[in-house]
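K.L.:
Below are the sequence and a predicted model for it; my questions follow.
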Amino acid sequence: FLRALEQLLAALESPQADERHGAAETLAGVCRWALEPRLPAEAEKLLRQGLPKPFVNESEPALHRFLLEALLEMILVWLEHGELAQGTQAVEGLRARMEQEAARLPWKTQAMAALEAGIRSPRGREAGVQALFRVDKDQLAEKVEPYLIYQGAPMAARLVERLETEPDRVWRGRIMDGLRAMGAFALPPLDAALKSDQWFLVRNVLGLLSD
């Protein structure tokens with residue numbers, strides 16, 4: 001399986017467009033397995049290392065959409081594993097390279113925007129919520145809070161929603177830690193939550209706003 005992946009990734013650099021197309025479409029399918037039933041760690045490593053360069057260099061839009069699908073899946077799974085900084089740093093690096101490519105092929109601006117929109121999706125936000133619960137409290141500021149800020153206002157809104165429904169007291173405390181770290185991003189959903197008919201949510205929101 002690993003040898004097959006190596007051959008598919010090598011085919012992405014073929015001068016023949018049909019060969020690249022076949023490899024990209026196949027890899028888009030393979031990467032769906034990263035979520036279920038999961039891929040071996042060696043396979044994930046191969047894909048994360050091998051997909052960014054073709055994503056940047058590919059010149060055919062119809063082919064590129066398969067690379068976008070494959071790379072997005074691998075980054076989302078990376079985030080879901082709790083490696084938030086590694087995932088966002090990979091996206092930042094890709095943005096810089098795609099901006100250079102866009103001077104030659106303007107459609108790459110839209111391709112990069114689509115990748116970032118996929119990261120800032122409900123699934124990407126849920127990776128941040130789960131990391132809040134999984135990471136040791138004294139490591140939240142380093143490992144989780146920058147990612148919450150990266151996700152922006154929709155992440156703050158999601159945390160307030162989860163604060164209203166979360167039954168575990170410890171996890172509610174983690175959610176409140178995340179909202180404190182988000183600063184101004186958290187103010188609009190917190191203000192809106194003051195109108196909730198759930199007294200405990202209003203109590204928690206008043207505490208956060210005073211902080």
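P.N.:
Structure received.
K.L.:
residues contacting the residue nearest the centre of the chain?
P.N.:
Nearest to the mean C-alpha position of the chain, by C-alpha atoms, centre = their mean, lies residue 119 at 3.4 Å. If you count contacts by C-beta atoms under 8 Å, 6 or more residues apart in numbering, residue 119 has them with 72, 75, 76, 79, 87, 88, 91. Bear in mind the C-beta positions are built from the backbone N, C-alpha and C, glycine included.
K.L.:
Could you write out the alpha-carbon coordinates of the helix or strand harbouring residue 18 in PDB?
P.N.:
If you go by DSSP states H and E, residue 18 is part of helix 17-31. The C-alpha atoms that make up helix 17-31 are tabulated as PDB, following Å, rounded to 0.1, in the frame of the first residue of the first chain:
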ATOM      1  CA  ALA A  17      -1.900  15.400 -17.900                       C
ATOM      2  CA  ASP A  18      -4.000  12.200 -18.100                       C
ATOM      3  CA  GLU A  19      -1.500  10.400 -15.900                       C
ATOM      4  CA  ARG A  20      -1.500  13.200 -13.300                       C
ATOM      5  CA  HIS A  21      -5.300  13.300 -13.500                       C
ATOM      6  CA  GLY A  22      -5.600   9.600 -12.800                       C
ATOM      7  CA  ALA A  23      -3.200   9.800  -9.800                       C
ATOM      8  CA  ALA A  24      -4.900  12.900  -8.400                       C
ATOM      9  CA  GLU A  25      -8.400  11.400  -8.600                       C
ATOM     10  CA  THR A  26      -7.300   8.100  -7.000                       C
ATOM     11  CA  LEU A  27      -5.500  10.000  -4.200                       C
ATOM     12  CA  ALA A  28      -8.600  12.000  -3.500                       C
ATOM     13  CA  GLY A  29     -10.500   8.700  -2.900                       C
ATOM     14  CA  VAL A  30      -7.700   7.300  -0.800                       C
ATOM     15  CA  CYS A  31      -7.600  10.300   1.400                       C
END
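K.L.:
Give me the residues contacting it.
P.N.:
Where contact means C-beta under 8 Å, 6+ apart, the residues beyond helix 17-31 that reach it are 5, 8-9, 11-14, 39, 47, 51, 54, 58, 60, 62-64, 66-67, 69-71, 73-74.
K.L.:
Selecting buried members of the residues you listed in ChimeraX, what would you type?
P.N.:
When burial is assessed using 16 or more other C-beta atoms under 10 Å, the buried subset of those is captured in ChimeraX by this command:
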select :5,8,9,11,12,39,47,51,54,58,63,64,66,67,69,70,71,73,74
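K.L.:
if we can go back for a sec, tell me the first helix or strand C-terminal of the helix holding residue 18.
P.N.:
Sequence-wise, the next helix or strand beyond helix 17-31 is helix 41-50, with elements assigned using DSSP H and E.
K.L.:
Can you give me the buried ones in the next helix or strand after that following helix?
P.N.:
The element immediately downstream of helix 41-50 (helix or strand, assigned by DSSP H and E) is helix 52-57. Residues of helix 52-57 classed as buried by neighbour count (16+ other C-beta under 10 Å): 52, 54, 55, 56.
K.L.:
of all these, which comes closest to residue 137?
P.N.:
residue 52 (33.2 Å; C-beta to C-beta).
K.L.:
quick one: the closest residue to that closest one other than its chain neighbours from residue 86, how far?
P.N.:
With sequence-adjacent residues excluded and distances taken as C-beta to C-beta, 6 or more residues apart in numbering, residue 52 is closest to residue 94, at 6.1 Å. Per C-beta to C-beta, to the nearest Å, residue 94 is found 13 Å from residue 86.
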